[in-house]
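[1] okay, sequence plus prediction incoming.
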Amino acid sequence: MKKIKSNSMKMKKLFLTLTIILSIYLVSNAQNNCLIFDGEDDYIQSNGLMTIYPASNYTLQAWVKIDVVEEASFVSFGTRNLALAMNSSGEFVSIAYGSSTVIVNSGFTLEPGIWYHLLTIFMGSNNDNEIRQYVDGVLINTGTGGHAERERNLYVGKGYVTTTTDMYFDGQIDEVNFDDTFPALWKIREDMFRSNYTAEVDYPLDETSGTTADNIGAASSDMDGTLYGGLSFSSDAIPSPTWMGPKRALKFDGSSGGDYITCPTDNNAYSSLTIKAWINTQAATDHGRICFKSKNGFLTLPNSCYALLVDDNNKPKFSVDGTNLTAPDALPHGEWHHIAGVFSGSSSYMKLYVDGILVASETSGIPSQVPAPIK
């Protein structure tokens with residue numbers, strides 16, 4: 001998605017900063033925890049062993065927040081047969097061991113206090129031993145390094161990096177995942193925000209007591225992890241910042257002709273439609289459009305095919321071909337809220353939801369379809 005600035009776009013007269021998260025999974029998990037590692041002797045070790053093979057592909061991933069910049073291992077198969085780690089400069093590195101140890105520097109420096117989703121695909125000899133490094137779902141670097149056949153434990157919070165000495169991690173870790181796959185980009189981004197039950201090992205780290213990290217992946221209890229070094233869910237687990245690991249959002253400046261996203265051209269008509277978004281408004285607005293499709297190039301509400309917005313009273317509004325629904329209550333500024341508009345021409349209804357609660361609906365005078373733009 002590309003940011004475009006154009007004086008010809010009169011999308012909104014805003015005095016706000018609007019932040020949006022689009023298409024996020026709502027999860028029913030009552031508790032989402034992460035674990036705090038002390039950097040001295042805390043770690044998790046899988047109870048069972050797994051075997052990797054030179055020709056096969058493997059993926060390691062985790063959400064990580066470092067407290068200090070120092071050499072440390074985040075997740076490691078074996079001591080460093082396959083590993084996600086950080087060097088002494090705070091750079092994210094990926095490690096593979098075949099005939100020798102290969103450390104691939106990503107060029108991305110981690111900052112203390114910030115959550116990152118780190119993922120590496122270690123391709124096998126059938127794919128030229130390519131190593132792909134991702135941060136927050138974005139490919140940032142590629143390298144080369146093979147891996148040998150080994151039967152090993154999985155470790156979280158310790159492992160070798162540049163020497164044959166265990167380097168312990170100081171910080172927080174959530175949603176650890178190990179799998180024997182080569183995921184597509186859409187799959188990488190989807191799994192960032194949900195548990196991956198089809199993976200071989202998935203540690204959500206959501207327990208609230210004890211010293212066992214349950215594996216909800218395909219390997220089941222054979223790969224449950226045991227906490228060592230005094231690490232315990234009773235004393236070292238804290239709520240994770242969001243449902244399934246930290247998420248990123250876009251911050252819009254709210255100026256006329258300022259920040260916005262343009263989407264591919266769509267000249268189709270629709271008999272049904274759902275639009276949803278997480279938003280966080282910061283100040284008063286004059287019709288701040290969240291998602292808007294124009295019939296004819298004009299950007300006023302009567303000229304829209306459909307629109308999801310907040311009005312000048314900060315009330316959510318959903319519009320389809322001139323039929324409007326408005327929430328009865330204004331949203332407080334500085335708070336996250338989920339809003340959704342649902343339209344069905346065949347069933348003749350429009351509905352507006354705020355935080356999963358139906359706040360407005362209409363069944364009379366409903367258009368038969370979302371119109372196509374006038375060409």
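    Good, I have the coordinates.
[2] CA only for contacts and neighbour counts going forward, please
    Will do.
[3] what about the stretch 251-375 of the chain, any weak spots by pLDDT?
    Within the stretch 251-375 of the chain, the segments meeting pLDDT under 70 span 256-257, 284-287, 297-300, 374-375.
[4] tell me where it has strands.
    Counting by DSSP state E, counting those that start in this stretch, the stretch 251-375 of the chain has strands at residues 272-281, 285-286, 288-294, 304-310, 316-320, 323-326, 337-344, 349-354, 357-362.
[5] one more: the stretch 1-150 of the chain?
    Counting by DSSP E, counting those that start in this stretch, the stretch 1-150 of the chain has strands at residues 13-14, 18-22, 33-38, 43-46, 50-52, 58-66, 72-77, 82-86, 91-97, 101-109, 115-122, 130-135, 138-144, 150-152.
[6] nearest to Ser304, of the ones you listed?
    Closest to Ser304 of the strands of the stretch 1-150 of the chain, according to Cα to Cα: strand 13-14, at 16.6 Å.
[7] got the domain ranges for this protein?
    Domains of the chain are assigned by automatic domain parsing as 13-24+251-362, 33-239.
[8] between the strands of the stretch 1-150 of the chain, which gets nearest to Leu309?
    Smallest distance to Leu309 across the strands of the stretch 1-150 of the chain (Cα to Cα): 10.8 Å, for strand 18-22.
[9] below-threshold pLDDT in the stretch 51-200 of the chain: ranges please.
    Applying pLDDT under 70 to the stretch 51-200 of the chain flags the ranges 195-197.
[10] now do 90
    Within the stretch 51-200 of the chain, the stretches with pLDDT under 90 are 136-138, 184-198.
[11] burial count for the nearest residue to Thr142 once chain neighbours are set aside?
    Leaving aside its sequence neighbours, Thr142 sits nearest to Arg132 (Cα to Cα, 6 or more residues apart in numbering; 4.6 Å). Counted with other Cα atoms under 10 Å, residues neighbouring Arg132 total 20.
[12] kindly state the beta-bridge partners for Arg132.
    Using DSSP bridges, the beta-bridge partners of Arg132 come out as Ile121, Thr142.
[13] okay, the strands of the stretch 1-150 of the chain in JSON lines with distance to Val310 next?
    Listed next are the strands of the stretch 1-150 of the chain as JSON lines, based on distance: least, Cα to Cα, whole Å:
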{"stretch": "strand 13-14", "distance to Val310": "11"}
{"stretch": "strand 18-22", "distance to Val310": "10"}
{"stretch": "strand 33-38", "distance to Val310": "33"}
{"stretch": "strand 43-46", "distance to Val310": "47"}
{"stretch": "strand 50-52", "distance to Val310": "52"}
{"stretch": "strand 58-66", "distance to Val310": "33"}
{"stretch": "strand 72-77", "distance to Val310": "42"}
{"stretch": "strand 82-86", "distance to Val310": "43"}
{"stretch": "strand 91-97", "distance to Val310": "40"}
{"stretch": "strand 101-109", "distance to Val310": "37"}
{"stretch": "strand 115-122", "distance to Val310": "30"}
{"stretch": "strand 130-135", "distance to Val310": "33"}
{"stretch": "strand 138-144", "distance to Val310": "31"}
{"stretch": "strand 150-152", "distance to Val310": "54"}
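[14] and these: which comes nearest Ala277?
    Ala277 lies closest, by Cα to Cα, to one member of the strands of the stretch 1-150 of the chain: strand 18-22, at 4.7 Å.
[15] quickly find the element holding the closest residue to Thr212 other than its chain neighbours.
    Spatial nearest neighbour of Thr212, excluding adjacent residues (Cα to Cα, 6+ apart): Thr226 at 4.8 Å. Using DSSP states H and E, the element containing Thr226 is strand 225-228.
[16] name the residues that touch the next helix or strand after that strand?
    Per DSSP H and E, the first helix or strand lying C-terminal to strand 225-228 is helix 233-236. Outside of helix 233-236, the residues within contact range by Cα atoms under 8 Å, 6 or more residues apart in numbering are 35-37, 207-211.
[17] likewise stretch 312-332?
    Contact partners of stretch 312-332, identified using Cα under 8 Å, 6+ apart, comprise 281, 284-288, 301-311, 337, 339, 341, 343, 350-352, 354, 359-362, 365-367, 370-371.
[18] buried among those? Need that as a selection in ChimeraX.
    Per 16 or more other Cα atoms under 10 Å, the buried members of those correspond to this ChimeraX selection:
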select :281,284,285,286,287,288,301,302,303,304,305,306,307,308,309,310,311,337,339,341,343,350,351,352,354,359,360,361,366,367,370,371
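[19] quick one: Trp63 and Ile173 touch, right?
    Yes. Counting by Cα atoms under 8 Å, Trp63 touches Ile173, with 5.7 Å between them.
[20] who has more neighbours, the two?
    Just comparing Trp63 and Ile173: by other Cα under 10 Å the higher neighbour count belongs to Ile173, 29 against 23.
[21] what's the angle between the helix or strand hosting the more buried one and strand 58-66?
    Secondary structure from DSSP H and E places Ile173 in strand 170-179. On the basis of axes from the mean of the first three to the mean of the last three Cα atoms, to 10 degrees, strand 170-179 is oriented at 160 degrees to strand 58-66.
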